[in-house]
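In: have a look at this fold, sequence not included:
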């Protein structure tokens, strides 16, 4: 099962202000290996606007290819070339998410799902459920039902509770 990082653009309304099910601009980024980034790292990085990453990949791949042409250094060049591809496949999706966060996008949720459609369904159903919940309860009782004067607060820096869940 994969996990999906859900990001919304900087100017998007809050969850409670959403009336329709789908919002424009919400991005679902799968946390896992990307075959597209592995097979075509530079093109994938350019497509996802990771400019500095793409420049670094081109330089490293060029160095690796030049190293592979030198006698006795083929294995070292091939290792560097393969390392660029593996690193792009493993860390590429995370770099896209980090770029969006640096641009002001907000992290909305992290959903574990088998595929993108299931992740979208889980995320947007949670938004609908939150918008339908009554945020102003009618009978609000502040007085604690169980008090223990021997232990007035949390212990060991952990939040306390009154004996039950």
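Out: Now that the structure is in, tell me what you want to look at. What you see is a predicted model; the values in this text were computed from it and never measured.
In: in this protein, which helix is the longest?
Out: Longest helix in the chain, counting residues (DSSP state H): helix 74-102.
In: just the strands in the protein please.
Out: All strands of the chain, identified by DSSP state E, fall at 2-8, 27-31, 106-113.
In: residue 76 is nearest to which of those strands?
Out: Counting by C-beta to C-beta, residue 76 lies closest to strand 27-31 out of the strands of the chain; the figure is 31.4 Å. (C-beta placed from N, C-alpha, C; glycine too.)
In: pick the most deeply packed of the strands of the chain.
Out: Among the strands of the chain, strand 2-8 has the highest mean neighbour count (mean count of other C-beta atoms under 10 Å), at a mean of 19.
In: quick one: list the elements packing against that strand.
Out: Applying 3 or more C-beta pairs under 8 Å, 6 or more residues apart in numbering; DSSP states H and E, we find strand 2-8 packed against strand 27-31, helix 74-102, strand 106-113, helix 116-132.
In: pLDDT weak spots in the protein?
Out: Applying pLDDT under 70 to the chain picks out residues 12-24, 128, 130-165.
In: can we see that at 50?
Out: Within the chain, the segments meeting pLDDT under 50 span 16, 18-22, 164-165.
In: if we can go back for a sec, packing partners for the longest helix of the chain?
Out: Of the remaining helices and strands, those touching helix 74-102 by 3+ C-beta pairs under 8 Å, 6+ apart are strand 2-8, strand 27-31, helix 35-39, helix 41-47, helix 51-69.
In: list the neighbouring strands of the first one plus their orientation.
Out: In this case it means strand 2-8. Neighbouring strands of strand 2-8 in its sheet, by DSSP bridges, are strand 27-31 (antiparallel), strand 106-113 (antiparallel).
In: compare those and give me the one nearest residue 55.
Out: Per C-beta to C-beta, nearest to residue 55 of the strands paired with strand 2-8: strand 27-31, 22.2 Å.
In: got the angle for the closest one vs helix 116-132?
Out: 130 degrees (axes from the mean of the first three to the mean of the last three C-alpha atoms, to 10 degrees).
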